[in-house]
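Peer 1: 3D, please:
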Amino acid sequence: MRLLTHNMLSCNIKGVVNGFPLRLEVEKFVEKEAEFKADFLRNMFSKIEWKALVDAARVLGYGELPEEVEPSMLESDDFLKKFHHALLELHVEEGSLVCPETGRRFPVNKGIPNMLLHEDEV
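Peer 2: Numbers count the residues shown, from 1 in each chain. Prediction:
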């Protein structure tokens, strides 16, 4: 699961108000090279919850992203490469996503998050 995916997921249990961001608990992660596409990154930038991305990257030991960003940074190749690496090349293979409100754990196995809800959670 890429951090791009993590940034788009939230806990959808009935009654949950604060289901984002899901806390990452990582047992295994890998780095997989991905093609660099600056235009894709510029387009995705406004859709990303930045603090959630920074926090998730730090859980994986990647501390190269700045705490705060502004759109003008998208003109910097250095920034775009760091953004690209965090968003698209860091993959959680095994672990869990934890709802910040309920503590419900959603497993990540072989890079695939299982966000299926139990019958009583719908």
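Peer 1: quick one: mean pLDDT for the lengthiest helix in the chain?
Peer 2: Ranked by residue count under DSSP state H, the longest helix found in the chain is helix 50-59. Across helix 50-59, pLDDT averages out at 98.
Peer 1: model confidence over the helix or strand just after it, on average?
Peer 2: Sequence-wise, the next helix or strand downstream of helix 50-59 (DSSP states H and E) is helix 77-84. Mean per-residue pLDDT for helix 77-84: 98.
Peer 1: identify the residues contacting helix 77-84?
Peer 2: Ala34, Phe36, Ala38, Leu41, Arg42, Phe45, Glu64, Leu65, Pro66, Val69, Met73, Leu74 (CB atoms under 8 Å, 6 or more residues apart in numbering). Placement of C-beta: from N, CA and C, glycine included.
Peer 1: buried ones among the residues you listed?
Peer 2: Buried subset of those (neighbour count, 16 or more other CB atoms under 10 Å): Leu41, Phe45, Leu65, Val69, Leu74.
Peer 1: closest to Leu90 out of those residues?
Peer 2: Comparing these against Leu90 with CB to CB places Leu65 closest, at 10.9 Å.
Peer 1: please verify my assumption that the closest one contacts Leu90.
Peer 2: No. Assessed by CB atoms under 8 Å, Leu65 is found out of contact with Leu90, at 10.9 Å.
Peer 1: could you name every residue contacting both of these two?
Peer 2: Counting by CB under 8 Å, 6+ apart, the residues touching both Leu65 and Leu90 are Ala57.
Peer 1: Phe106: which of the buried ones among the contacts of helix 77-84 is nearest?
Peer 2: Set against Phe106, the nearest of the buried ones among the contacts of helix 77-84 by CB to CB is Leu65 (24.1 Å).
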